[in-house]
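[1] fold the stuff below for me.
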Amino acid sequence: MNPELAAILARVSQREGVPPALLLGVLASLGEAPGQPDFTRIEQYLTRRAGDFRGLQARLARRSGEDAGRDELRAEAAKALAEGRLAEADRLLAQAEQRNLDGAAAPRALSRERLLAAAAGRADRGAVAMLHLNPQAYRDAAERYAEAALIAESAEPGSGRPYAWLQADALARRGADFADKSAFVASIGQLRAMLDKLGNFDQTIPWAETQLRLARSLTGLSHLEGGGALLRQAVEIYRATLEDLTRAKAPRLWAALQTRLGEALARLGETEDDAGLLEEGVAAFRAGLSGLTQADMPNEWARLQWELGKAHVALGLRASGVAAFEAAVNCFKLVLAGRPRESVPLDWAEVQDRIGAALVGLAAYYREPVVLEEAILAFDAALEVRRREMVPSLWAESAANRAEARLALAERTREAAVAEQAAAELIAATEQLRGLGLAAEARRREPKLREAAALVGALRRG
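    Purely as a prediction, here's the structure:
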């Protein structure tokens with residue numbers, strides 16, 4: 001096995017408390033992919049699957065007390081999952097499902113309890129499918145969640161809604177993970193159909209949950225289609241939902257809506273170069289932060305600080321200047337405190353890179369070179385992890401960022417050696433980007449490369 005993959009497997013297993021065999025089984029479902037593996041995405045995928053596995057394992061461990069044989073099959077499925085035998089786990093859960101149906105002449109003869117158990121079992125098979133890393137498995141999962149929703153709905157009106165949400169989530173995840181527009185469109189269509197049957201007055205919380213998912217799917221589709229139209233739809237949905245859902249009624253849902261509103265506003269503000277929208281996004285992020293604590297929801301709290309930091313940087317580039325860049329650095333440092341290098345090195349490196357970028361923005365407001373020197377140290381730290389042989393695109397990104405910071409430093413200090421180093425680093429980074437097929441990103445760096453060449457020439461001439 002690739003040593004970097006082996007290191008990722010060991011790290012995720014230790015950090016998330018899941019068996020290495022499970023992660024190997026998940027990784028095997030990805031199949032052979034051409035070219036250099038994307039180690040950052042692989043670690044993200046495995047981390048998410050670890051969380052999915054823990055939830056599924058807890059459900060499978062619950063004993064019904066009604067059918068010892070069915071309980072045993074579910075326990076065996078949990079064991080198969082822990083050993084990375086995903087197909088075997090699905091087979092065992094199918095057998096457990098069949099035991100639940102045995103003895104009934106027709107589905108309508110099943111009791112309410114057995115129908116709900118059947119729905120839960122079908123959804124668990126959907127969760128097993130979602131542990132895989134290929135688009136067909138995501139399709140299978142969506143179908144199983146849809147079947148679970150129909151089964152539950154036949155037992156009790158309204159009880160199928162959580163499974164319908166899971167179906168929409170599976171479609172949206174397929175859209176995001178495999179750049180599949182049709183999956184986002186299917187998710188959006190399903191959620192709109194659900195909203196047709198929900199009222200914002202007498203069913204406010206399920207209506208708001210569905211609105212949240214709809215806006216998220218619209219935002220996901222906007223990443224693939226570009227432009228601001230879909231983002232504007234998402235923003236309007238979030239705002240309309242927050243008008244009807246009070247914080248007191250559902251504090252965590254209210255905070256989630258504020259957070260997602262902030263993300264949509266920040267992205268729309270960047271897309272349309274609108275500082276006003278970015279300021280609204282920052283306000284929404286702060287509202288979201290007021291609705292949760294680091295102790296209760298550490299991962300969501302850190303994610304929100306991360307998004308808030310990015311919004312501050314975007315705002316600093318357009319309007320607020322020094323205050324926004326200082327706020328961004330503070331946000332990123334809060335995130336860094338919860339992302340130790342030993343357990344999440346690539347995440348740690350990404351935060352270091354963002355700190356460097358925020359410091360470069362801040363340096364424009366200081367005459368002394370110390371802020372640029374701090375930025376270069378942050379990029380140095382990122383590059384200790386973002387090694388060229390492991391993550392070449394990320395190496396090129398951080399190497400180019402460091403080179404641009406070094407170029408700004410050379411302009412201040414008028415040191416030819418520093419300017420020459422910046423030029424050499426920019427050349428290496430842009431060549432790497434072109435070699436990876438990232439021509440647009442390489443072109444984005446060309447003006448700085450020309451600046452570096454001109455500065456080197458001027459300093460050499462004295």
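[2] CA-only coordinates of stretch 3-15, as PDB, when you get a sec.
    Once non-C-alpha atoms are left out, stretch 3-15 reads as follows in PDB (Å, rounded to 0.1, in the frame of the first residue of the first chain):
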ATOM      1  CA  PRO A   3       2.800   4.700   2.600                       C
ATOM      2  CA  GLU A   4       0.800   8.000   2.600                       C
ATOM      3  CA  LEU A   5      -2.500   6.000   2.400                       C
ATOM      4  CA  ALA A   6      -1.300   3.700   5.200                       C
ATOM      5  CA  ALA A   7      -0.500   6.800   7.300                       C
ATOM      6  CA  ILE A   8      -4.000   8.200   6.600                       C
ATOM      7  CA  LEU A   9      -5.700   4.900   7.500                       C
ATOM      8  CA  ALA A  10      -3.700   4.700  10.800                       C
ATOM      9  CA  ARG A  11      -4.400   8.300  11.700                       C
ATOM     10  CA  VAL A  12      -8.200   8.200  11.000                       C
ATOM     11  CA  SER A  13      -8.500   4.900  12.800                       C
ATOM     12  CA  GLN A  14      -6.800   6.200  15.900                       C
ATOM     13  CA  ARG A  15      -8.500   9.600  15.800                       C
END
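[3] return the distance of residue 5 relative to residue 158.
    Distance, residue 5 to residue 158, using Cβ to Cβ, to the nearest Å: 44 Å. Where C-beta positions appear, they are placed from N, C-alpha and C, glycine not excepted.
[4] nope, residue 122 is what I was after
    Counting by Cβ to Cβ, the gap from residue 122 to residue 158 is 17 Å.
[5] between the two, who's got more neighbours?
    Legend: neighbour count by other Cβ atoms under 10 Å for residue 122 and residue 158, higher for residue 122 (23 against 12).
[6] contact partners for that one?
    97, 144, 145, 147, 148, 151 (Cβ atoms under 8 Å, 6 or more residues apart in numbering).
[7] which parts of the lowest-mean-pLDDT helix or strand in the chain are buried?
    When each helix and strand of the chain is scored by mean pLDDT, DSSP states H and E, helix 3-16 comes last, with a mean of 89. By neighbour count on 16 or more other Cβ atoms under 10 Å, the buried set for helix 3-16 is 4, 5, 8, 9, 11, 12, 13, 16.
[8] helices and strands around whichever helix or strand comes after that helix, which ones?
    Toward the C-terminus, helix 3-16 is succeeded by helix 20-28 as the next helix or strand (DSSP states H and E). Other elements packing on helix 20-28 under the criterion 3 or more Cβ pairs under 8 Å, 6 or more residues apart in numbering; DSSP states H and E are helix 3-16, helix 39-61, helix 68-82.
[9] nearest to residue 130, out of those helices?
    Of all the helices and strands packed on helix 20-28, the one in closest proximity to residue 130, counting by Cβ to Cβ, is helix 39-61 (6.1 Å).
[10] can you show me the CA trace of the helix or strand containing residue 122 as CSV?
    Taking DSSP H and E as the definition, one finds residue 122 inside helix 112-129. Extracted in CSV, the C-alpha atoms of helix 112-129 (Å, rounded to 0.1, in the frame of the first residue of the first chain):
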residue,chain,number,x,y,z
ARG,A,112,-47.4,-1.2,12.8
GLU,A,113,-44.3,-2.1,14.9
ARG,A,114,-43.1,-4.7,12.3
LEU,A,115,-43.5,-2.2,9.5
LEU,A,116,-41.5,0.5,11.4
ALA,A,117,-38.8,-2.2,12.1
ALA,A,118,-38.8,-3.1,8.4
ALA,A,119,-38.4,0.6,7.5
ALA,A,120,-35.5,1.0,10.0
GLY,A,121,-33.8,-2.1,8.6
ARG,A,122,-34.1,-0.9,5.0
ALA,A,123,-32.6,2.4,6.1
ASP,A,124,-29.7,0.6,7.8
ARG,A,125,-29.0,-1.0,4.5
GLY,A,126,-29.0,2.4,2.9
ALA,A,127,-26.4,3.5,5.5
VAL,A,128,-24.2,0.5,4.6
ALA,A,129,-24.4,1.6,1.0
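[11] that older thread, could you check the angle helix 39-61 makes with the least confident helix or strand of the chain?
    Here the directions of helix 3-16 and helix 39-61 differ by 40 degrees (axes from the mean of the first three to the mean of the last three Cα atoms, to 10 degrees).
[12] got a list of contacts for helix 3-16?
    18-20, 23-24, 27, 37, 39, 42-43, 46-47, 50-51, 54, 343-345, 390.
[13] and the residues you listed, which are buried?
    18, 23-24, 27, 37, 39, 42-43, 46-47, 50, 344-345, 390.
[14] pipe the residues you listed into CSV and attach pLDDT and distance to residue 138 per row.
    Shown next, in CSV, are these (pLDDT from 0 to 100; distance: Cβ to Cβ, whole Å):
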residue, pLDDT, distance to residue 138
18, 95, 21
23, 95, 18
24, 94, 20
27, 90, 16
37, 73, 20
39, 83, 22
42, 89, 17
43, 90, 19
46, 94, 16
47, 93, 18
50, 95, 18
344, 90, 25
345, 93, 28
390, 86, 28
